[in-house]
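**Student:** After the sequence you'll find the predicted model.
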Amino acid sequence: MKICAYFTCGFPDIESSFKIMREILKVADMLEIGIPFSDPIADGPTIQFASAKALEMGFKVSQAFEVAERLKSQFPQKKILFMTYYNIILRKGIESFIRKSRDAGIWGIIVPDLTPEESSDFCEIMRKNELKTVFFVSPLTPEKRIKKISSMTSGFIYYISTTGVTGEREKLPEEIKNKLKDVKKIAQKEIFVGFGISKREHIKELEGFADGVIVGSALIRKVIETKSSEEAEKKITLFLEELKGEK
Amino acid sequence: MYYGEYGGQFIPETLFPVLQELDRAFEKAKKSKNFAKKWRYYLEVYAGRPTPLFFAKNASEKLGIKLYLKREDLLHTGAHKINNTIGQCLLAKEVLKKTRIIAETGAGQHGVATATACALLNLKCTIYMGRKDVQRQKINVLKMKLLGAEVVPVSSGTETLKDAINEALRDWITNPTSTHYVIGSVVGPYPFPKIVSFFQSIIGVEAKQQILKLEGRLPDFVVACVGGGSNAIGIFSAFLKEKKVKLVGVEAGGDGNLHSASLTRGSLGVFHGMKTYLIQDEDGQVLPPHSIAPGLDYPAVGPEHAYLKDSGRAEYYSVQDEDALEGFEFLSKFEGIIPALEPAHAMAWIIKNSKELKGKIVILNLSGRGDKDMEIYSNRKGEHQA
Ligand SMILES: Cc1ncc(COP(=O)(O)O)c(C=O)c1O
């Protein structure tokens, strides 16, 4: 089971976020660099907090490309993605944003408020630049639509564990395994489960039903709870090892 | 789904099927005689429709024009918002069979109108409101609670209207099957702009009949304030095809520096599920808007307005806080009507342009009454006397 870690770029400040993500990449299989947006409607309180803090500290989108490039140069074998809201991409210009991402060594881009229906330009330019698209499937997505989503996905399918926004949850929903079986059958793409993943138990439960998990809020919380970012780096490393079952 | 290149559905996947279901339900309701009958019934005997079209004789003489006021301020709860909330709550209850309603509110007008419709129709109601607005608009918070709604203060972002919408969307993403989101203007992902426009279009339908009866001809100008744009679309819609009628939308120019004039000073963006004009920085971060009128204090605008602007069918201007106060005092003094600060912007535009409007028939959509704004007015006056 692969672990894809999400972290907000610029939180708690730009250099600390770089260092934390560098530690993350030593353990995690993949990294999602969150580019903060002022109005993150798909995010719960933890990532909202991190995004707001980053913006307050003066985060600029151009810094995300720099951070990505520095990380990629140190971990050339690992897949690094961007996760951001569509307005950030549109504002830079879809073409320009995607080209800069490619130049920074980005593997794929995740846009939580972009549906396949609205993304024909985006997908076309992503393909030209050989970047991977990631689209979401939720527990409410009907079968026919899963097919359509899958056909536009060149990276992996991001399965939302439960209707809701990002954030840690105690338990995974009962029906998740059956849902994942259905999605796998229809989509025949790699499936990563996100939203709420925060424990080793969750990952063990999904073993055999998903190809990977995405962990975000639980990592951010480690930073919120600690005083120094060195301490946070240690905690995050321990936590990721624990998730992988290495501790 | 689109108005030119504007509109669309930029939303998390979870909402996609929910919006499809909403669209189907709305199309079904639109064709249903039974639904129309119920909606009309509540609008007439509960909300107070049709609203009069009043010839403002004193103001007309002062300005040298023929000014008519579409009196949405006389509706129950004091603004046009109730046309939409009764419509959407009926839709939620009768067609979608939902039991819980959520809504956002800035100043509290849409929140009160939603809580009112929910009390009337026995629906559970939760209103999201920025923490700053909760503090600024205490009376409306009290009203919503009295009407049985739960008011949730939102303490993220700028703690105002846009953040209340964010939080309402998050609630909806979390409770998509039990809950209907009654959005307060012609904004948000499709089909919301279409639905709200439909429920508000009654304003224009009435106004057109009324002016034809009173004047025997169409007006030269129809003027309305634009926040999200629902009262403006409501009255514009009946005149869109009448090319001789000039349509004017008036945005909030704020204090000149901070403003809410997304159409006249914003740029292309995607926000709250729609592609539209947006007030943002060079990175695409949304900037905090400002207006003296709480109902105009929104950084984006409905996609149909973006389209009407680009196509030239409607023209948009902005008016600053100071001028809006002049409009506020003008209607109060000369017509005995204290307008809400939102339509006071439209009034101010008419005053400023009265030379060009000389002899013309002008309809102003008086979208609400000013009771709610007395504290703001009093603070402003105090500030100026000090
Ligand atoms: C009286 C009044 N007019 C206008 C508005 C602005 O909304 P819209 O542009 O959707 O009509 C509001 C919003 O609260 C309002 O209360």
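**Tutor:** Nice, thanks for sending it over.

**Student:** Tell me, how many residues neighbour the closest residue to residue B:255 other than its chain neighbours?
**Tutor:** If the residues on either side of it in the chain are set aside, residue B:255 comes closest to residue B:321, at 5.6 Å by C-beta to C-beta, 6 or more residues apart in numbering or on different chains. Glycine gets a C-beta too; all of them are placed from N, C-alpha and C. Residue B:321 is surrounded by 23 other residues when neighbours are defined as other C-beta atoms under 10 Å in any protein chain shown.

**Student:** residues touching residue B:321, list them.
**Tutor:** For residue B:321, the contacting residues are B:252, B:253, B:254, B:255, B:291, B:292, taking C-beta atoms under 8 Å, 6 or more residues apart in numbering or on different chains as the criterion.

**Student:** Tell me how far it lies from residue A:156.
**Tutor:** 51 Å (C-beta to C-beta, to the nearest Å).

**Student:** on that earlier part again, which of the contacts of residue B:321 count as buried?
**Tutor:** For the contacts of residue B:321, a burial check counting by 16 or more other C-beta atoms under 10 Å in any protein chain shown picks out B:252, B:253, B:254, B:291, B:292.

**Student:** With just CA atoms, put the top strand by length along chain B into CSV.
**Tutor:** Ranked by residue count and defined by DSSP state E, the top strand of chain B is strand B:246-254. Included here for strand B:246-254 are C-alpha records, laid out as CSV according to Å, rounded to 0.1, in the frame of the first residue of the first chain:
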residue,chain,number,x,y,z
LYS,B,246,-31.4,50.2,-21.3
LEU,B,247,-30.5,48.0,-18.4
VAL,B,248,-28.1,49.4,-15.8
GLY,B,249,-26.6,47.5,-12.9
VAL,B,250,-24.9,49.4,-10.1
GLU,B,251,-22.2,47.9,-8.0
ALA,B,252,-20.6,49.0,-4.7
GLY,B,253,-17.6,51.2,-5.3
GLY,B,254,-16.9,51.1,-1.5
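
**Student:** mind listing what residue A:153 touches?
**Tutor:** Residue A:153 makes contact with A:133, A:134, A:135, A:187, A:189, according to C-beta under 8 Å, 6+ apart.

**Student:** So what are the sheet partners of the longest strand of chain B and their directions?
**Tutor:** In the sheet containing strand B:246-254, the strands it pairs with under DSSP bridges are strand B:221-225 (parallel), strand B:314-320 (parallel).

**Student:** quick one: that strand to chain centroid distance?
**Tutor:** The offset between the C-alpha centroid of strand B:246-254 and the centroid of the whole chain comes to 13 Å, using C-alpha atoms, centre = their mean, to the nearest Å.

**Student:** thinking again about what came up before, of the strands paired with strand B:246-254, flag the one that's most buried.
**Tutor:** Ranked by mean neighbour count, these are led by strand B:221-225 with a mean of 29 (mean count of other C-beta atoms under 10 Å in any protein chain shown).

**Student:** SS state for residue A:150?
**Tutor:** Assigned state for residue A:150: helix (three-state reduction, DSSP: H, G, I helix; E, B strand; the rest coil).

**Student:** Skip the chain neighbours and tell me the closest residue to it.
**Tutor:** residue A:187 (3.8 Å).

**Student:** Would you mind measuring from the one you found to the ligand?
**Tutor:** Separation of residue A:187 from the ligand (C-beta to the nearest ligand atom, to the nearest Å): 41 Å.

**Student:** Could you give the number of residues near that residue?
**Tutor:** By the other C-beta under 10 Å criterion, the neighbourhood of residue A:187 contains 20 residues.

**Student:** ok, it - contacts?
**Tutor:** Contacts of residue A:187 (C-beta under 8 Å, 6+ apart): A:137, A:146, A:147, A:149, A:150, A:153, A:157.

**Student:** Counting neighbours, which of those end up buried?
**Tutor:** A:137, A:146, A:149, A:150, A:153, A:157.

**Student:** need those in JSON lines with distance to residue B:275 and pLDDT, can you?
**Tutor:** Listed next are the buried ones among the contacts of residue A:187 as JSON lines, based on distance: C-beta to C-beta, whole Å; pLDDT from 0 to 100:
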{"residue": "A:137", "distance to residue B:275": "24", "pLDDT": "98"}
{"residue": "A:146", "distance to residue B:275": "26", "pLDDT": "97"}
{"residue": "A:149", "distance to residue B:275": "21", "pLDDT": "97"}
{"residue": "A:150", "distance to residue B:275": "25", "pLDDT": "97"}
{"residue": "A:153", "distance to residue B:275": "23", "pLDDT": "97"}
{"residue": "A:157", "distance to residue B:275": "25", "pLDDT": "98"}
